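K.L.:
Provided below for reference: sequence and predicted model.
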Amino acid sequence: MQANNRTFYWIPYVLWIALFVVAPLLLIVYYSFFDLNGNFTFANYQNFFTPVYLTMALSSFWYAFLITFFCLIIAYPAAYFITHSKYKQLLLLLIILPSWVNLLLKAYAFLGIFSTYGAANSLLETVGIGARQILFTDFSFVFVSVYIFIPFMILPIFNALDKLNPALIYASRDLGASFWATFLKVIFPLTSSGVKAGVQAVFIPALSLFMMTRLIAGNRVITLGTAIEQHFLVTQDWGMGATIAVFLILIMIVMMIVTGTRKKGVL
Amino acid sequence: MTRDSIIRFDRVTKAYGPNERVLNEVSFDMERGKFYTLLGPSGCGKTTILRIIAGFIEPTSGDVFFNGERINHVPANKRQVNTVFQDYALFPHLNVYENIAFGLRIKKMRKAEIDAKVKEALKFVNLPGYESRELSEMSGGQKQRVAIARAIVNEPQVILLDEPLSALDLKLRTEMQYELRELQQRLGITFIFVTHDQEEALAMSDEIIVLNEGIIQQSGTPTDIYDEPINRFVADFIGESNIIDGVMFQDFEVEFAGRRFECVDKGLRPNEPVEVIIRPEDLAVTAAESGKIQAKVDSQLFRGVHYEICCYDADGNEWLVHSTKKAVVGDTVGLDFEPEAIHVMRLNETQEEFNRRLESYSAGGGQNAGK
């Protein structure tokens, strides 16, 4: 009886996973083996290894890396500052708040700010640098993406830092370590789980960003995400789109494995 | 200062606000190579003193000296002091070896030297061969030893211990008390031990500093403090005592519980109001007529080593007696004691006045003055 009851509780979850995770994944893999005319083929996979898609994959990686990197550079000190602040909860709320605003709204807001006659250019004018093209550049793409993803980086790092026993920092100082040595040998290794979680939360979605590439980067940046969208909606080549998606999933799995392993006893 | 002083506090005050004084003009002088205990209830400022010595906080006013040099603004990592923390504060991402080697690696010591020192430190704390263990595989007592090894391996001049035994069970705690004491004597370095456990303090220390509300109440050897507490707080905190209001009738004669008794104290004003202490183990239960005080047995507890007997005399004073012999609840018994068992405390006496008074006893041949 007991065991039966317990399996019963699993049913909604299993159904959900089967319908909305497993089935779509299988469908993607299934579609990746068909060409435009509905014939079974491996050509899509061959196509992926042509320079067109490889450069696209590489540029996806590059931008995802840049976005993750800048997020981390900004988020770690910010999280450190918040944990040591008196107004921890308020600051945390201020960081979470923007993530409640719809992504599209934020993107459109930046269209206004970065446009030729927008706030950013007015500022540059008054400073004396002069107006320039900000929108539809690599800079604006990375900038807006970092802005959007930063809460997802700050939160796990904040949690890790907040859980860190302050006595460990005292102990490190007590044993002769300077602030930097303490950071490198104690604080960072002990919060690396938060950094890994943050990297996962930013890097993987950043790999498949597609809307931002059109709105902010003006299609000058073409990532794998953009390519999938174009194949499904514009060229109607579902097979090729699905193939790219398969590769994207594989890359994500690799990322999960790389950032997910727990290392012990490393300096 | 002729003594070999290692740490000196000169009127050190630590305040977190105008009305929040954690330490209030604390001054003391610690000698090299001794075992000191800072004893007091929680919030008395003992941990604050430890943190000021370690360099984690700076005093609001007053000076701290280390080997005669003022160290108020020297950061923690530049002090020749190491701490054993209350919750051990071992680095969970490092194994036993790396935890102990932490300080040595910071000093950029050579690998072979680190190896030798870590092994030696582990041997010192009776954990040889534990180098490659992970912390998660170790018990509380073992972690405690690793924390001690991590401190001693740096060969500091002073080791600070912040209630290091409070997380251990009673048996292990007693065992570690012996080990710590022995370790301190072998190493010959100064230990400053913080605890709220008076038995621990009495068992381990060369000298005890009793604190309450940021003020040093009394400092001295364990026997001094136990036998001659300066005031009601110390008497109450160090062991159990019977404290009764009395009047110093004249030298060697004190009045309390409605009668006059012979005692060994002198040098007080005639008819000065005082407090009288008699330790429960100094009271003996006798037949009612042969005791100096008659009291009725109210309750009795068996404590293993002795019976704890609670009696009330005719005036309603409570008398706690530790006796190996059983009493009968409801009986009237006599309480007997020696003149030396009576300790007279003046009200609001400072430590200097108190010491002067004790010294005058030994000059006059009194046997109560300690060493």
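P.N.:
Yep, it's here. Please read these numbers as outputs of a predicted model, since none were measured by experiment.
K.L.:
Enumerate the residues of chain B near chain A.
P.N.:
If contact is defined as C-beta under 8 Å from any C-beta of the partner chain, the residues of chain B in contact with chain A are B:54-56, B:75-78, B:81-83, B:85-87, B:89-95, B:98, B:102-103, B:105-107, B:134, B:150, B:154. Yep, even glycine has a C-beta here, placed from its N, CA and C like the rest.
K.L.:
So which of the residues you listed are in helices?
P.N.:
If you go by DSSP state H, these have B:Ala54, B:Glu98, B:Phe102, B:Gly103, B:Arg105, B:Ile106, B:Arg150 in helices.
K.L.:
Pretty sure A:Phe232 sits against A:Gly241.
P.N.:
Yes: with contact defined as C-beta atoms under 8 Å, A:Phe232 counts as touching A:Gly241 (4.6 Å).
K.L.:
Compare those two (neighbour count), which wins?
P.N.:
Counted by other C-beta atoms under 10 Å in any protein chain shown, A:Phe232 and A:Gly241 do not tie: A:Gly241 has more neighbours, with 23 against 17.
K.L.:
Spatially, what comes nearest to the more buried one if we skip its sequence neighbours?
P.N.:
A:His231 (3.2 Å; C-beta to C-beta, 6 or more residues apart in numbering or on different chains).
K.L.:
so the one you found makes contact with A:Ala245?
P.N.:
No: checked against C-beta under 8 Å, the pair A:His231 and A:Ala245 is beyond contact range at 9.2 Å.
K.L.:
pretty sure the residue nearest to A:Gly241 belongs to a helix, no?
P.N.:
Yes: the assignment for A:His231 (DSSP: H, G, I helix; E, B strand; the rest coil) places it in a helix.
K.L.:
and residue 12, what does it touch?
P.N.:
Since no chain was named, I'll use chain A. For A:Pro12, the set of contacting residues under the criterion of C-beta atoms under 8 Å, 6 or more residues apart in numbering or on different chains is empty.
K.L.:
My question was about chain B, not that one.
P.N.:
Shown here is B:Val12, whose contacts under the criterion C-beta under 8 Å, 6+ apart are B:Leu23, B:Glu25, B:Val26, B:Ser27, B:Ile49, B:Ile52, B:Pro59, B:Ser61, B:Gly62, B:Asp63, B:Val64.
K.L.:
ok, which pair from those is furthest apart?
P.N.:
Pairwise distances among the contacts of B:Val12 were taken by C-beta to C-beta; the largest, 14.6 Å, belongs to B:Ile49 and B:Ser61.
K.L.:
of the two, who's got more company?
P.N.:
When neighbours are counted by other C-beta under 10 Å, B:Ile49 comes out ahead of the other of B:Ile49 and B:Ser61, with 29 against 13.
K.L.:
and A:His231 and A:Ala245? which has more neighbours close in?
P.N.:
Here A:His231 and A:Ala245 are compared on neighbour count by other C-beta under 10 Å; more neighbours surround A:Ala245, at 24 against 20.
K.L.:
Against chain B, how distant is the more buried one?
P.N.:
Taking C-beta to the nearest C-beta, to the nearest Å as the measure, A:Ala245 falls 37 Å from chain B.
K.L.:
surely that residue meets A:Ile228?
P.N.:
Yes: A:Ala245 lies in contact with A:Ile228 (C-beta under 8 Å); the separation is 5.6 Å.
K.L.:
Any buried residues in the longest helix along chain A, and which?
P.N.:
Among the elements of chain A assigned as helix by DSSP H, the one spanning the most residues is helix A:51-83. Within helix A:51-83, the residues that count as buried by 16 or more other C-beta atoms under 10 Å in any protein chain shown are A:53, A:56-57, A:60-61, A:63-64, A:66-68, A:70-72, A:75-76, A:78-80, A:82-83.
K.L.:
Relative to A:Leu93, how far out is A:Lys86?
P.N.:
Distance check for A:Lys86 against A:Leu93: by C-beta to C-beta, to the nearest Å, it reads 14 Å.
K.L.:
That should have said A:Leu25, apologies.
P.N.:
As defined by C-beta to C-beta, A:Leu25 lies at a distance of 36 Å from A:Leu93.
K.L.:
same deal with B:Tyr312?
P.N.:
In this structure, B:Tyr312 and A:Leu93 are 61 Å apart, going by C-beta to C-beta.
K.L.:
and whatever residue of the stretch 151-300 of chain B ends up closest to chain A, what does it touch?
P.N.:
Residue nearest to chain A within the stretch 151-300 of chain B (C-beta to the nearest C-beta): B:Asn154, separated by 6.7 Å. For B:Asn154, the residues meeting the contact criterion (C-beta under 8 Å, 6+ apart) are A:Leu175, A:Gly176, B:Asn82, B:Gly103, B:Leu104, B:Lys107.
K.L.:
Export the residues you listed to a markdown table and append columns for neighbour count, pLDDT and distance to A:Leu97.
P.N.:
Listed next are these as a markdown table, based on neighbours: other C-beta atoms under 10 Å in any protein chain shown; pLDDT from 0 to 100; distance: C-beta to C-beta, whole Å:
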| residue | neighbour count | pLDDT | distance to A:Leu97 |
| --- | --- | --- | --- |
| A:Leu175 | 30 | 95 | 40 |
| A:Gly176 | 22 | 93 | 42 |
| B:Asn82 | 26 | 95 | 45 |
| B:Gly103 | 25 | 94 | 44 |
| B:Leu104 | 23 | 95 | 47 |
| B:Lys107 | 11 | 92 | 47 |
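K.L.:
from the residues you listed, which single one is nearest B:Val247?
P.N.:
For the contacts of B:Asn154, the closest approach to B:Val247 (C-beta to C-beta) belongs to B:Asn82, at 51.2 Å.
K.L.:
just checking, B:Thr190 touches B:Gly33?
P.N.:
Yes: contact criterion C-beta under 8 Å: B:Thr190 and B:Gly33 qualify, at 6.0 Å.
K.L.:
and these two? which has more neighbours close in?
P.N.:
Just comparing B:Thr190 and B:Gly33: by other C-beta under 10 Å the higher neighbour count belongs to B:Thr190, 22 against 16.
K.L.:
which one is the more buried one nearest to, not counting chain neighbours?
P.N.:
The shortest distance from B:Thr190 to any residue other than its chain neighbours is 4.6 Å, reached at B:Val158 (C-beta to C-beta, 6+ apart).
K.L.:
correct me, but that neighbour touches B:Val81?
P.N.:
Yes: applying C-beta under 8 Å as the test, B:Val158 and B:Val81 come out as touching, 4.7 Å apart.
K.L.:
Find residues that contact each of the two.
P.N.:
B:Ile53, B:Phe66.
K.L.:
sorry, back to before: roughly how far apart are the residue nearest to B:Thr190 and B:Ile7?
P.N.:
Computed as C-beta to C-beta, the B:Val158 to B:Ile7 distance reads 7 Å.
K.L.:
Can you pull the residues that touch both of those two?
P.N.:
Jointly contacting B:Val158 and B:Ile7 under the rule C-beta under 8 Å, 6+ apart are B:Ile53, B:Phe66, B:Thr190, B:Ile192.
K.L.:
residue contacts, the residue nearest to the second one when sequence neighbours are not counted?
P.N.:
Spelled out, that is B:Phe66. Leaving aside its chain neighbours, B:Phe66 sits nearest to B:Ile7 (5.9 Å; criterion: C-beta to C-beta, 6+ apart). Contacts of B:Ile7 were listed using C-beta under 8 Å, 6+ apart, and they are B:Asp29, B:Met30, B:Ile53, B:Val64, B:Phe65, B:Phe66, B:Val158, B:Thr190, B:Ile192.
K.L.:
Mind pulling the model confidence for the second one?
P.N.:
Think B:Met30. Here the pLDDT value assigned to B:Met30 is 94.
K.L.:
Output the contacting helices and strands for the host helix or strand of A:Leu26.
P.N.:
Remark: A:Leu26 resides in helix A:23-31, with elements defined by DSSP states H and E. When contacts are defined as 3 or more C-beta pairs under 8 Å, 6 or more residues apart in numbering or on different chains; DSSP states H and E, helix A:23-31 sits against helix A:238-260.
K.L.:
What segments of the chain are helices?
P.N.:
Let's take chain A. Assigned by DSSP H, the helices in chain A fall at A:2-17, A:23-31, A:43-48, A:51-83, A:88-96, A:103-114, A:119-127, A:138-163, A:166-174, A:179-182, A:188-207, A:211-215, A:224-233, A:238-260.
K.L.:
Please refer instead to chain B.
P.N.:
Remark: helices assigned in chain B by DSSP H are B:46-54, B:96-106, B:111-124, B:140-152, B:170-187, B:198-204, B:222-227, B:232-237, B:351-363.
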